[in-house]
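In: Make a model of this:
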Amino acid sequence: MLYRAHNILRSRRENGFIAAGRRVIFTVALGLVLPVMASAYTIVMRGGHQVQIPDKFEVTQLTLTYEAAPGINVTLQISNIDIAATERANREPQ
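Out: Residues are numbered from 1 along each chain as shown. Got it, this is the predicted structure:
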């Protein structure tokens, strides 16, 4: 019986160690994701919908294009973007 109690306590310690490891992994992952989120640029569409895009994008006279994922580009028409609201959302001087 004492042996069984020892094994139960031992397994709880191991589970605590695993839980601590998971917390460390979560903290590291969060630390890697937050800088990416902080470098996002907010586009405000005319209907009020907001789109987070990477800092790197290309603007032409009619379109705004950004890379959503490696090899996947998204193009938005400038006429659908609320420029003034986008500038306010990104705290840009007007």
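
In: show me what contacts the closest residue in space to residue 79 that isn't next to it in sequence?
Out: If the residues on either side of it in the chain are set aside, residue 79 comes closest to residue 62, at 7.6 Å by CB to CB, 6 or more residues apart in numbering. The C-beta positions use only the backbone N, C-alpha and C, and glycine is treated the same way. For residue 62, the residues meeting the contact criterion (CB atoms under 8 Å, 6 or more residues apart in numbering) are 77, 78, 79.

In: so what's residue 52 bridging to?
Out: residue 42 (DSSP bridges).

In: Let me know the pLDDT of it.
Out: According to the prediction, residue 52 has pLDDT 94.

In: got it, and residue 82?
Out: What the model reports as pLDDT for residue 82 is 96.

In: Tell me the spacing between it and residue 41.
Out: Summarising the geometry, the distance separating residue 82 from residue 41, computed by CB to CB, to the nearest Å, is 14 Å.
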